[in-house]
Structure formats: structure tokens, C-alpha cells
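S.K.: When you get a sec, could you give me coordinates for this:
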Amino acid sequence: MTVDPTSAIQYAHANYEEALTELQELVSIPSISTNPVHKEDMLKAARWLENKLTSLGFNAKVFKTEKHPIVFAEYHFSETAPTVLVYGHYDVQPPDPLDLWETGPFSPEIRGEHLFGRGASDMKGQIIASIKAIESLLKHDKLNINVKFMIEGEEEIGSPSLKKFLIENKELLAADVALNPDTGMISADTPTITLGLRGVAHFELRIYGPDRDLHSGMFGGVVHNPAQVLCDVLSGMHNEDGSVALPSFYDRVRKLSEDEKAELSRLPMNDNTYINQTGVPKLWGEPQFNAIERIGARPTLEINGIYSGYIGEGSKTIIPSYSMGKVSLRLVPDQDPEEVRHQIIEYLESTIPDTVTWEIKGPRGAPASIVDRNLPATIALKNALETVWGVPPVYKLEGGSVPVVASMEQILGIKSVLTGFGLPGDNIHSPNEKLHLPTWKNGIDTLIHFFINMTNIETE
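M.R.: Residues are numbered from 1 along each chain as shown. Sure thing, here's the model as predicted:
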């Protein structure tokens, strides 16, 4: 079946301002999943999506979970047509520190070619791009496949309710492939497909010393300072060359093949790219791997936060009663999060002295994911990106983690195709998050072509 995309593309372009208005409406909802204060805002965002998809003719429903609701919607074309399950998340990271925002994080504002606001890029912009592509096809009777949406509200807190939802709704979620637009492009003129995602594990470590804060002059030198212990323990998690010092940590790390190295070398990025993006004077890490390889194909361990004692203005000369550190690890194939948990515990048991006590929350984690470059849906996406951008896409290994990809393959038997239209400089998870609107507009066109290209793929 040959479908001409022209009228759908024209509709998308004619209604671009409406799409932008709807994106601003969704961004203005402070759907911060980690903060219980925003429970009603989470429901408001879910209802907004339910109403929008219902207005397009989808059978849409909000499913309650123990934390935040999941939006499911379905458009049925025919029993024999392919089915695409579109994944998304409507929750966002906290906007703190607020004083670094030039405009309100939930008062979206267009400045130049960008829309500024928390969630504009990650990933409300990607959700709206998917919905507007579907709308453009439906308005001209050109959506000749079945489409389902599953949009969760807990991705930014580790998706604690998602696994149960997948297990309990296998039939409802049945599809031939999943489209996940939660990754991104490496630049505005370089269309990108993600072939791999790192897994993740994260934990919180607390070190306890005296039963109260102590005077450092009276007790310094006889009471082991929990802050010092924490610093020693966290510092010891890395070797001098930047590698992770946990026992047996690299035993299962998959080595890059020569073909994989060659594909990564095609990416128009180098050390200076990351220096310019981050503002650091020099990069750091395992010297035998280049920056692209370290980000996409090597496991890492990062200290995300440290707290102990007095951190206000001036000085307060104490030995704090406790210290706390938050740590995350990015995992690669074929590392097992459960094995990594044991490696963390083994390290802590052998390292923390008996002058303090300690406890650990977690680790929780999810494995890495690999995407099949020859999957028909991946080819459909490749062709769509090339049609819109005029150049073939590049393939990258993503440093971040999207645990739902592995979960859908393990539980539902569904493989994913991964893309997105956010850019490295979008400041996701940081103040002044923004979305590059010309790239986003091209993204809507790309998804129109993708859904059309999916019309003729073979299904099992």
C-alpha cells in the first residue's frame, strides 16, 4: 500500500502554531513526580493527555497506580495491520535551583528558536510531536496502522509502577514494535538513531557516628568523623585512571567490536564537543577509550549528592553525627544490576571501618538495552529521518538509561526503535531547559513519514 504523505505534512505545517500552543499548555503543568506536593498536578497532566487523545478518536483511559497514573490510548485500524506502541513519560525533574532560571520553569516562553520550560525537551515535546504526527495523518485518513500510547508518570523516579502494569496488561499492550522518542539527536543537522542504552543502578549510603553533633575541639581526634569516612569511601570507588574500583565490576562488560568502533567513529563529535557542551577545562576518564566510547559503551559510577554537618553561611565547628551520599552507576551489556548490587555491598563491607555504623538504601537498577539495526521498524525510521533531513542518520550508543526498553522486551516481547528530537544543549534536568523548535518541527514531519513507512512492514 502506497500512502502519499503530502496532505498530512501540509496539515502539520498549517497547524504548527496550534501544536506549539498545546505543548506550552502541557509544559505549564508542574508534573514533578518526585514531590508529593504535585500529586494533583500529575493527575492533571495525565487527564490532559487522555482528553487530547480522546479528541483524536483514540480509546483513552487513565490507569491508577500506587504512585502516579499511566495514560493508555488505542486507535484500531485493522486486525491485519501492524501495531506500534508509542512510549512516553509526562513527569519531569524538579526545577531547582529556581534562582538560575531566566523565566519561570512552568511559564513556558519562546525566545528566538527555543521554547524554554521544564519538560519542553524531556519529554513533553517528544510526546506532542508524536501526537501531532498522528493527528496530521488521521485528519486525512492516512493512518493505516494500529497505534497505542502508553505514557507514564514515574520515569524520572525509576518507573516503580511500570513493571507491574506491563505484567498485568500484556494483552492490552500487545504490539509489533515500540516507538520510544526519549533519546535525542547529536546536533540539529544530524538525524540520529540510538542503538544502545546503558542500564542504571543507584543507591543512597548513610554513615552514622556519634549520637549527636559534637564540638570539634573537644572530640576531634578521638571520634571518627562520618563526613571523612563518607569521603574516603566514595573516593575509593574509583581508580586513578577513572575506572570503577568495585570488585569484579568489569567481568561481564562487553567489548566493542571493530564494526561498532567504526560506526561510533562516524559521529561528528570529539573531546572538544563535550568540553564546549559542559564548560569544563578538560575531560576525564579511562584514557584507553575516547569520549564517545566512554559515554556509550563503558560503565561508570557517579556521585550525585553529598550531605553532612553544617552547610550554611560562616562556620560551625562540629563533628557531624551522620553523612549521606547518593551514587548512581551506568551499566552496559551484559552487566546484571543484581550482580552489581552484590559488588557494591561487598565493597562497602570491606571498606567502611568499625568506628562508624552504616546503612544503604537500594541499589535499585535496570539492565542495558540493545536495539536491532536491521529491525524493519528501525529501517522505517532510518528512511523517515533521511527523507526529512536529506542525509542518512547516524547511529549512537546512548549514555543515559531508559529502563522501559528492557522491560518491554522482557515482559511484552516487544523490541523498540529509539529516537527523539532533543539536542545535547537542551539543559534537560538543569535550569533553563529548552527545546529547539525547528528541530522539533522536523521531528513531527519525521514521525509522519515513520508511521506511513510502517504500513507495509511484515508482522508475525
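S.K.: Cross-check the contact I'm expecting between residue 229 and residue 325.
M.R.: No - in this structure residue 229 lies outside contact range of residue 325 using Cβ atoms under 8 Å: 10.3 Å. Every C-beta, even on glycine, is put in place using the N, C-alpha and C of the backbone.
S.K.: Report back the residue of the chain that's furthest from centre.
M.R.: residue 218 (48.2 Å; Cα atoms, centre = their mean).
S.K.: In terms of helices and strands, where is that residue?
M.R.: Take DSSP states H and E as the rule and residue 218 turns out to sit in helix 216-219.
S.K.: mind listing what's buried in the helix or strand following that helix?
M.R.: Downstream of helix 216-219, the first helix or strand assigned by DSSP H and E is helix 226-235. Across helix 226-235, burial judged by 16 or more other Cβ atoms under 10 Å covers 226, 227, 228, 229, 230, 231, 233, 234.
S.K.: Just the closest of those to residue 274, please.
M.R.: Nearest to residue 274 among those, counting by Cβ to Cβ, is residue 234 at 23.4 Å.
S.K.: just the CA coordinates of stretch 243-260, formatted as PDB?
M.R.: Output of stretch 243-260 as PDB, limited to C-alpha atoms (Å, rounded to 0.1, in the frame of the first residue of the first chain):
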ATOM      1  CA  SER A 243      37.800   3.200  36.200                       C
ATOM      2  CA  VAL A 244      35.400   1.900  38.800                       C
ATOM      3  CA  ALA A 245      37.100   0.100  41.700                       C
ATOM      4  CA  LEU A 246      34.200  -2.200  42.700                       C
ATOM      5  CA  PRO A 247      35.200  -5.900  42.900                       C
ATOM      6  CA  SER A 248      34.600  -7.900  39.700                       C
ATOM      7  CA  PHE A 249      32.800  -4.900  38.200                       C
ATOM      8  CA  TYR A 250      34.200  -5.400  34.700                       C
ATOM      9  CA  ASP A 251      33.900  -9.200  34.500                       C
ATOM     10  CA  ARG A 252      30.800  -9.000  32.300                       C
ATOM     11  CA  VAL A 253      31.500  -5.800  30.400                       C
ATOM     12  CA  ARG A 254      31.000  -6.400  26.700                       C
ATOM     13  CA  LYS A 255      34.000  -5.300  24.500                       C
ATOM     14  CA  LEU A 256      33.300  -3.100  21.500                       C
ATOM     15  CA  SER A 257      33.700  -4.900  18.100                       C
ATOM     16  CA  GLU A 258      35.700  -3.300  15.400                       C
ATOM     17  CA  ASP A 259      32.500  -2.600  13.400                       C
ATOM     18  CA  GLU A 260      31.000  -0.900  16.500                       C
END
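S.K.: can you give me the strands for the stretch 201-350 of the chain?
M.R.: Per DSSP state E, counting those that start in this stretch, the stretch 201-350 of the chain carries strands over the ranges 214-215, 300-308, 318-319, 322-331.
S.K.: Given the first one, what are its sheet partners and their directions?
M.R.: The reference is to strand 214-215. Sheet pairing of strand 214-215 (DSSP bridges) gives strand 318-319 (antiparallel).
S.K.: average model confidence for the partner strand?
M.R.: Mean per-residue pLDDT for strand 318-319: 97.
S.K.: outside of that strand, which residues touch it?
M.R.: 209-210, 213-216, 219-220, 223, 225-226, 309-310 (Cβ atoms under 8 Å, 6 or more residues apart in numbering).
S.K.: Pull out the buried members of those.
M.R.: 209, 210, 213, 214, 216, 225, 226, 309.
S.K.: Let me have these in JSON lines, adding distance to residue 12 and pLDDT as columns.
M.R.: What follows is those, written out as JSON lines (distance: Cβ to Cβ, whole Å; pLDDT from 0 to 100):
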{"residue": "209", "distance to residue 12": "61", "pLDDT": "98"}
{"residue": "210", "distance to residue 12": "64", "pLDDT": "98"}
{"residue": "213", "distance to residue 12": "61", "pLDDT": "97"}
{"residue": "214", "distance to residue 12": "65", "pLDDT": "97"}
{"residue": "216", "distance to residue 12": "65", "pLDDT": "96"}
{"residue": "225", "distance to residue 12": "61", "pLDDT": "98"}
{"residue": "226", "distance to residue 12": "57", "pLDDT": "98"}
{"residue": "309", "distance to residue 12": "55", "pLDDT": "96"}
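S.K.: quick check, residue 438 in a strand?
M.R.: No - according to DSSP: H, G, I helix; E, B strand; the rest coil, residue 438 belongs to no strand; its state is helix.
S.K.: And it, how far from residue 21?
M.R.: 17 Å (Cβ to Cβ, to the nearest Å).
S.K.: now the helices: where do they sit in this structure?
M.R.: Remark: helices assigned in the chain by DSSP state H are 6-14, 16-27, 39-55, 125-138, 162-168, 216-219, 226-235, 258-265, 271-278, 291-297, 337-351, 376-389, 404-407, 437-453.
S.K.: How about the contacts made by the nearest residue to residue 270 once chain neighbours are set aside?
M.R.: In this structure, residue 270 finds its nearest non-sequential neighbour in residue 291, 7.1 Å apart by Cβ to Cβ, 6 or more residues apart in numbering. Going by Cβ under 8 Å, 6+ apart, residue 291 touches 269, 270, 271, 273, 274, 283, 285.
S.K.: What is the nearest of these to residue 98?
M.R.: residue 274 (27.3 Å).
S.K.: List the contacts of that closest one.
M.R.: 283, 291.
S.K.: what's the most buried one of the helices of the chain?
M.R.: Mean neighbour count, computed with mean count of other Cβ atoms under 10 Å, is highest for helix 125-138 among the helices of the chain, reaching a mean of 26.
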